[in-house]
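Enquirer: Need a 3D model of the sequence below.
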Amino acid sequence: MSNTASSVAGALYHSGCLKFGSFKIKSGISSPYYVDLSCLLSSPRELCNIAKIAADEIRKIIDFDRVDKLASIELKGALILPSIACELKLPCTVIRKEEKGYGVTGRMAGAGINNGDHILFFDDVLSEDLSKPEGIRPLESLGALVKHLLVVVDRQQGGRESLEKLGYSVHALAKINEFVKHLLESKQITVEQTNAVLRYVKQE
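Expert: Numbering: from 1, shown residues only. Prediction:
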């Protein structure tokens, strides 16, 4: 397991982001675990750790490809995005799920999007690919080029493969199987909790 995956697992566990039980996810199916990155807001140290790890991963991408701005869709990814942008000193924008009808209207909040901008799209987790095209589409409609997607945790439910078929390069700080195996090895979760997640991943 990579040092990055271990560091992510530790940060998300200590901040309470990993929860076990029965959770209905966006697709409507039930999951034995849930990753709630909003919990990072109650743990500034771990929020900064995740932001730094994500920024380091984006720097690797910038080494071989152009990135002008960062973007995310509300809510979870957008909570973390400004911290990553501060690390990289890059402008960022948040796509609203619905168009705002008062004040400064539209679906964008933050940096303006220009034709030809190279934008890296960031989000918290990747399950299927339901919300990612929804967030990317408004950027592309304005002429932005979105080649790279970065998520904190890949739930390994086929989202990566679906997005790669659409031509996107998908990057994840950690896969869920790496995540729970590290936590088991460090005796922070039980064998039963680990096996429940691994069985779920295998079934998917």
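
Enquirer: Okay, buried residues for the least confident helix or strand in the chain by mean pLDDT please.
Expert: The weakest-scoring helix or strand in the chain, judged by mean pLDDT, DSSP states H and E, is strand 106-110 (a mean of 76). Buried residues in strand 106-110, counted by 16 or more other CB atoms under 10 Å: 107-108, 110. Every residue, glycine included, has its C-beta placed from N, CA and C.

Enquirer: pull the CA atoms of stretch 120-135 into PDB?
Expert: C-alpha atoms of stretch 120-135 as PDB (Å, rounded to 0.1, in the frame of the first residue of the first chain):
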ATOM      1  CA  LEU A 120      -9.000  19.700 -12.900                       C
ATOM      2  CA  PHE A 121     -12.200  18.500 -11.300                       C
ATOM      3  CA  PHE A 122     -12.100  17.500  -7.700                       C
ATOM      4  CA  ASP A 123     -14.600  15.500  -5.600                       C
ATOM      5  CA  ASP A 124     -14.800  13.600  -2.300                       C
ATOM      6  CA  VAL A 125     -15.600  10.100  -3.400                       C
ATOM      7  CA  LEU A 126     -16.200   8.100  -6.600                       C
ATOM      8  CA  SER A 127     -18.900   5.500  -6.600                       C
ATOM      9  CA  GLU A 128     -20.600   5.200  -9.900                       C
ATOM     10  CA  ASP A 129     -20.200   8.100 -12.300                       C
ATOM     11  CA  LEU A 130     -23.500   9.800 -11.500                       C
ATOM     12  CA  SER A 131     -22.500  13.200 -10.200                       C
ATOM     13  CA  LYS A 132     -19.200  13.700 -12.000                       C
ATOM     14  CA  PRO A 133     -20.500  14.400 -15.500                       C
ATOM     15  CA  GLU A 134     -23.200  16.500 -13.900                       C
ATOM     16  CA  GLY A 135     -20.500  18.700 -12.400                       C
END
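
Enquirer: buried residues in that stretch?
Expert: In stretch 120-135, counting by 16+ other CB under 10 Å, buried: 120-129, 131-132, 135.

Enquirer: and these, which two are the farthest apart?
Expert: L120 and E128 (20.7 Å; CB to CB).

Enquirer: In terms of pLDDT, where does L37 sit?
Expert: L37 is assigned 94 on the pLDDT scale.

Enquirer: The residue nearest to it when sequence neighbours are not counted and Q203, how far apart?
Expert: Nearest residue to L37, sequence neighbours excluded (CB to CB, 6 or more residues apart in numbering): D124, at 4.3 Å. Distance of D124 to Q203, given as CB to CB, to the nearest Å: 23 Å.

Enquirer: same question, L150
Expert: Taking CB to CB as the measure, L150 falls 26 Å from Q203.

Enquirer: still on that earlier bit, any idea how far the next helix or strand after the least confident helix or strand of the chain is from the chain center?
Expert: Using DSSP states H and E, the helix or strand that follows strand 106-110 in sequence is strand 118-126. When C-alpha coordinates are averaged (CA atoms, centre = their mean, to the nearest Å), strand 118-126 and its chain have centres 6 Å apart.

Enquirer: Nice, that's everything, thank you.
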